[in-house]
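[1] Provided below for reference: sequence and predicted model.
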Amino acid sequence: MGEDLSTLARSSEVATTAARISLGLTGPSIPTREQLRFQLDHALARDAVHATMDSAGLLQQLRQRGMEGMLLRSAACQETSPRDRRVYLRRPDLGRRLHESSRDELMGRTKSGVDDGRIVFAIVDGLSALAVERHALPLMDATLPLLQPDKVAGPVCVVQQGRVAVGDEIGHLLRAELMVLLIGERPGLSAPDSMGVYLTWAPRPGRTDAERNCISNIRLEGLNYADAAHRIAFYVREARRLQSTGFALKESASSTATLE
């Protein structure tokens with residue numbers, strides 16, 4: 001009877017959360033199926049961290065949408081093996097700045113007067129390439145109609161082996177008013193494909209996390225695209241009004257419900 005109640009409780013919890021609660025017992029241990037499920041989820045999280053982003057696929061999908069994409073690399077990308085994740089995982093500092101070749105490419109573009117961006121979007125693999133491959137472009141599809149088209153400028157930067165702060169250098173070189181960075185979040189045992197969005201006003205190297213706003217847990221089982229898009233639009237509007245992001249920009253419980 002105890003096992004039947006545990007199974008019933010577990011099935012009820014699965015309908016509302018993927019968290020590991022009400023696992024049940026088999027003697028002093030958890031059931032074999034739950035142990036196997038844990039091992040599978042752990043393997044999926046590890047695979048997500050070590051996976052490399054399909055940059056070519058993302059760039060092709062951007063072109064299909066009539067959008068310009070630009071492939072960039074962080075300093076964690078090694079010349080001999082640019083897809084090797086070991087340096088990236090061991091040296092977070094290298095993921096926070098651009099590779100010299102990508103920096104030169106952006107500087108050349110700026111000098112030619114091609115861009116003087118207002119809002120610049122970047123798609124960064126982060127710690128889950130799977131997350132941005134699944135969610136980045138659907139989220140942009142939901143977000144862009146909520147923004148003023150003339151305020152979105154420059155290419156969509158697709159960044160290999162990047163961390164959040166790499167967007168500060170990109171935005172600064174593209175003279176962006178606001179950087180909107182989509183990045184794969186650290187995988188959890190129930191969420192290997194969670195994506196986050198970071199918004200930074202007047203991006204430049206040296207910005208801190210206190211100077212940005214974050215929207216996290218964007219995935220099918222978490223924050224959906226429509227709600228995330230409305231939150232982005234809210235932050236964009238308020239950032240322009242306040243000329244700032246971060247601790248100066250707060251989101252109230254009803255703020256996204258009153259978007260224009």
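    Cool, the structure landed.
[2] for the residue nearest the centre of the chain, helix, strand, or coil?
    In the chain, the centroid-proximal residue (C-alpha atoms, centre = their mean) is Ile183; its distance is 2.0 Å. Assigned by DSSP: H, G, I helix; E, B strand; the rest coil, the conformation of Ile183 is strand.
[3] hang on, it packs against Met195?
    Yes. Assessed by C-beta atoms under 8 Å, Ile183 is found in contact with Met195 at 6.9 Å. C-betas here are computed from N, CA, C, even on glycine.
[4] Overlap in contacts, those two.
    Ala131, Val132 (C-beta atoms under 8 Å, 6 or more residues apart in numbering).
[5] before we move on, back to that, quick one, grab the pLDDT at the closest residue to the residue nearest to the centre of the chain other than its chain neighbours.
    What sits nearest to Ile183 in space, not counting adjacent residues and going by C-beta to C-beta, 6 or more residues apart in numbering, is Gly126, at 3.8 Å. Note on Gly126: pLDDT of 96.
[6] Could you do the one 4 residues further on as well?
    What the model reports for Leu130 is a pLDDT of 94.
[7] give the contact list for it.
    With C-beta under 8 Å, 6+ apart, Leu130 has these contacts: Ala48, Ala51, Gly184, Pro192, Asp193.
[8] so which of these is the most crowded?
    Among the contacts of Leu130, Gly184 has the most neighbours (other C-beta atoms under 10 Å), with 29 neighbours.
[9] beta partners of it?
    Met195 (DSSP bridges).
[10] Counting neighbours, what do you get for Val49?
    18.
[11] One more: Asn224?
    14.
[12] how close does it sit to Ile218?
    8 Å (C-beta to C-beta, to the nearest Å).
[13] who touches both of those two?
    Common neighbours of Asn224 and Ile218 (C-beta under 8 Å, 6+ apart) do not exist.
[14] rewinding a little: secondary structure class for the residue nearest to Ile183?
    On the basis of three-state DSSP, Gly126 is classed as coil.
[15] which of the residues in the helix or strand containing Arg240 are buried?
    Per DSSP states H and E: Arg240 is located in helix 225-242. Across helix 225-242, burial judged by 16 or more other C-beta atoms under 10 Å covers 225, 228-240.
[16] where along the chain do the strands fall?
    Secondary structure of the chain (DSSP state E): strands located at 69-73, 119-124, 156-160, 178-184, 195-201, 212-218.
[17] now these as JSON lines including distance to Leu62?
    What follows is those, written out as JSON lines (distance: least, C-beta to C-beta, whole Å):
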{"stretch": "strand 69-73", "distance to Leu62": "4"}
{"stretch": "strand 119-124", "distance to Leu62": "9"}
{"stretch": "strand 156-160", "distance to Leu62": "6"}
{"stretch": "strand 178-184", "distance to Leu62": "12"}
{"stretch": "strand 195-201", "distance to Leu62": "16"}
{"stretch": "strand 212-218", "distance to Leu62": "18"}
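[18] In contact with the residue nearest to the centre of the chain, which residues?
    123-126, 131-132, 162-164, 195-198.
[19] From Asp93, how far off is Gly171?
    Counting by C-beta to C-beta - Gly171 and Asp93 are separated by 19 Å.
[20] higher neighbour count, those two?
    Using other C-beta under 10 Å as the criterion, Gly171 and Asp93 rank with Gly171 on top: 28 against 10.
[21] Skip the chain neighbours and tell me the closest residue to that one.
    Pro203 (3.0 Å).
[22] mind checking pLDDT for that neighbour?
    Looking at Pro203, the pLDDT reads 97.
[23] tell me the contacts of it?
    Per C-beta under 8 Å, 6+ apart, neighbours of Pro203: Gly167, Asp168, Glu169, Ile170, Gly171, His172, Ala176, Leu178, Met179.
[24] Check Leu181 too.
    Neighbours of Leu181 in contact, by C-beta under 8 Å, 6+ apart: Phe121, Ala122, Val124, Val164, Gly167, Val197, Tyr198, Leu199, Thr200.
[25] Dump those to TSV, plus neighbour count and distance to Leu106.
    Listed next are the contacts of Leu181 as TSV, based on neighbours: other C-beta atoms under 10 Å; distance: C-beta to C-beta, whole Å:
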residue	neighbour count	distance to Leu106
Phe121	28	14
Ala122	28	11
Val124	28	15
Val164	21	18
Gly167	29	12
Val197	25	21
Tyr198	23	19
Leu199	24	20
Thr200	25	16
